[in-house]
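Peer 1: build me a model:
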Amino acid sequence: MTEHSETPALRLEGIVKTFPGVRALDGVDLEVRAGEVHALLGENGAGKSTLMKVLAGMHQPNEGRIILEGREVRMANPMDAKAQGVVLIHQELSLCDGLSVAENVYLGELPHTKWGFVDWSTLHARTDEILKKLNCNFDARTRVSDLSIARQQMVEIARALTVDAKVVVFDEPTASLTDAEKVVLFDVIKDLRARGVGIVYISHRMDEIFSLSDRLSVLRDGSYRGTKVTAETDEDEVTRMMIGRSLTHEKNTDTVEPGAVALEVRGLSCGKLFRDVSFEVRRGEVVGFYGLVGAGRTEIAETLFGLRTPTAGTILLDGEEVRISGPLDAISRGISLVPESRKEQGLVLGMSCRDNMTLPQIGDLTTGPFVSNGAEIAIYDQYRDRLDIRSPSWRQAVGNLSGGNQQKIVIGKWLAMKPQVLIVDEPTRGIDVGAKGEIHKLIRTLASQGYAVIVISSEMPEVLHVSDRVIAMYSGEVIRSFGVGEVTEDSLVQAISGIRPDRAA
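Peer 2: Numbering: from 1, shown residues only. Now for the predicted structure:
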């Protein structure tokens with residue numbers, strides 16, 4: 001463990017923040033030492049991101065003090081916070097798509113020549129140096145809109161390396177990263193810690209919390225619940241602090257008698273993204289897709305939903321061959337897709353919770369020129385209760401909700417359509433451990449009600465917990481299909497590494 005300075009890098013004392021209808025933070029205290037990784041945990045809506053936005057100048061507290069290296073400060077805005085050495089790396093990307101990587105990394109502080117023009121050569125050289133430290137295989141001139149979500153997250157992280165930071169906040173930094181990118185990020189965090197930077201690390205991934213952090217603090221319902229030395233606690237105790245109960249994550253052992261085949265795919269290909277993919281999903285069954293980033297899982301889902309055009313193969317629904325020309329066609333045939341990226345693909349952030357929830361079926365709720373307000377509210381209320389969506393009102397803009405509650409809105413939107421085939425891509429990305437259990441239970445309940453469900457996940461425990469069968473993919477190909485009774489962690493890891501059954505030891 002790193003030696004820490006006697007003066008904390010950061011102290012937050014009695015922070016109170018209220019929004020209309022909700023007290024988001026209720027007198028929260030937090031101390032972060034110089035040269036430590038301090039994990040901040042809590043369920044979605046517990047106040048973690050709000051607290052960090054107060055620190056970063058995005059919100060002004062109603063009460064409380066921010067003390068940076070022993071000196072009380074006020075953060076007027078994010079640029080002011082950054083100038084004082086506080087950097088927040090957002091869970092939700094805050095990049096300007098139309099600008100280059102370099103312009104995003106140094107946004108608001110572009111270097112200039114003595115004549116007042118942007119010094120592009122210096123800008124690009126500085127940015128390329130940072131990207132090299134992060135092992136990024138793109139350069140400073142690349143337009144951000146041309147990058148994948150994972151690479152855009154690396155650009156967010158690069159911003160932290162442009163200043164002499166005193167405190168860096170990582171808010172769910174690995175949610176979109178590949179395993180190789182995670183290794184680079186963790187090395188960056190260790191380097192910052194060695195330089196005496198105080199690091200706040202927010203994550204729902206317990207393995208990351210216990211491998212990276214020195215201490216951890218827990219928030220629940222906007223209140224501080226305590227701090228523990230990480231090495232002196234365990235996942236079960238932390239979970240109880242977060243949600244007031246223990247959780248178990250076990251392999252699914254349900255014995256199911258699936259019904260007729262709802263969806264069958266034969267020899268489906270889409271250029272170089274995936275090829276010769278065949279599988280079937282029966283009513284009453286959950287089929288999990290597992291593989292490394294780039295294996296083709298999401299691309300298969302997008303093809304089934306009409307977002308991509310297959311180059312070969314056949315899709316059958318209830319035994320009948322169909323051609324899906326677009327998302328509207330897929331929806332009309334009873335296929336729904338909960339996308340991987342809720343912010344970009346699943347929500348209209350400026351619209352209310354209710355309007356997002358009912359958007360796909362607005363035509364069915366319309367009589368003449370009018371939308372049935374009562375019917376919309378009834379649908380929202382049903383899935384608010386079912387998914388435990390935390391919002392002061394259905395009128396609340398979705399963009400003001402926590403990441404987990406936003407994801408619940410997306411899932412509820414498609415569940416309200418009562419689909420025949422439900423495809424869920426990364427169903428619990430950025431969602432806390434308590435809400436994960438609720439969503440896993442909901443997925444199993446849907447299957448028991450006769451729906452055919454496909455779950456795509458990067459988390460092995462999740463795939464094993466909810467699936468009746470698991471399809472392992474590697475480099476655009478299906479390597480192996482496992483029944484619930486035969487899949488093991490070892491065999492699954494071998495399969496997603498490209499080792500076929502006849503080659504496995």
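
Peer 1: so for stretch 383-399, mean pLDDT?
Peer 2: Taken as a whole, stretch 383-399 carries a mean pLDDT of 86.

Peer 1: what's in contact with that stretch?
Peer 2: Applying CB atoms under 8 Å, 6 or more residues apart in numbering, the contact partners of stretch 383-399 are 19-22, 44-45, 347-354, 356-357, 377, 380-381, 401-402, 405-406, 408-409, 411-412, 415-416, 435, 438-439, 442. Just so you know, the C-beta spots here come from the backbone N, C-alpha and C atoms, and that holds for glycine as well.

Peer 1: the residue of the chain most remote from its centre: what secondary structure?
Peer 2: Computed with CA atoms, centre = their mean, the residue of the chain farthest from its C-alpha average is residue 115, at 43.8 Å. Secondary structure, DSSP: H, G, I helix; E, B strand; the rest coil: residue 115 is coil.

Peer 1: quick one, strands of the stretch 301-450 of the chain?
Peer 2: Assigned by DSSP state E, counting those that start in this stretch, the stretch 301-450 of the chain shows strands spanning 312-317, 320-322, 335-338, 366-367, 370-371, 421-425.

Peer 1: so for residue 134, which of the ones you listed sits nearest?
Peer 2: Relative to residue 134, the nearest member of the strands of the stretch 301-450 of the chain by CB to CB is strand 421-425, separated by 26.1 Å.

Peer 1: state the paired neighbours of the closest one in the sheet, together with their directions.
Peer 2: Take DSSP bridges as the rule and strand 421-425 pairs in its sheet with strand 335-338 (parallel), strand 452-456 (parallel).

Peer 1: can you lay out those as JSON lines showing mean neighbour count?
Peer 2: Shown next, in JSON lines, are these (neighbours: other CB atoms under 10 Å):
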{"stretch": "strand 335-338", "mean neighbour count": "25"}
{"stretch": "strand 452-456", "mean neighbour count": "26"}
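
Peer 1: could you export those as JSON lines, including distance to residue 98 and mean pLDDT?
Peer 2: JSON lines is the format used below for the strands paired with strand 421-425 (distance: least, CB to CB, whole Å; pLDDT from 0 to 100):
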{"stretch": "strand 335-338", "distance to residue 98": "27", "mean pLDDT": "93"}
{"stretch": "strand 452-456", "distance to residue 98": "30", "mean pLDDT": "95"}
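
Peer 1: TSV for these, including distance to residue 144?
Peer 2: Converted to TSV, the strands paired with strand 421-425 look like this (distance: least, CB to CB, whole Å):
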stretch	distance to residue 144
strand 335-338	25
strand 452-456	25
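
Peer 1: for residue 193, which of those strands is the nearest?
Peer 2: Closest approach to residue 193 among these (CB to CB): strand 452-456, 34.0 Å.

Peer 1: so where's the stretch 151-300 of the chain uncertain?
Peer 2: Scanning the stretch 151-300 of the chain with the threshold set as pLDDT under 70 gives 176, 244-256, 293.

Peer 1: which parts of it are helices?
Peer 2: Assigned by DSSP state H, counting those that start in this stretch, the helices in the stretch 151-300 of the chain fall at 179-194, 206-212, 235-243, 297-304.

Peer 1: looking at the ones you listed, which one is packed in the most?
Peer 2: Each of those was scored by mean neighbour count; the highest is helix 297-304, a mean of 23, by mean count of other CB atoms under 10 Å.

Peer 1: what angle sits between that one and strand 421-425?
Peer 2: Relative orientation of helix 297-304 and strand 421-425, computed by axes from the mean of the first three to the mean of the last three CA atoms, to 10 degrees: 150 degrees.

Peer 1: can you list the helices of the stretch 151-300 of the chain in JSON lines and add distance to residue 172?
Peer 2: As requested, the helices of the stretch 151-300 of the chain are exported to JSON lines (distance: least, CB to CB, whole Å):
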{"stretch": "helix 179-194", "distance to residue 172": "12"}
{"stretch": "helix 206-212", "distance to residue 172": "10"}
{"stretch": "helix 235-243", "distance to residue 172": "15"}
{"stretch": "helix 297-304", "distance to residue 172": "19"}
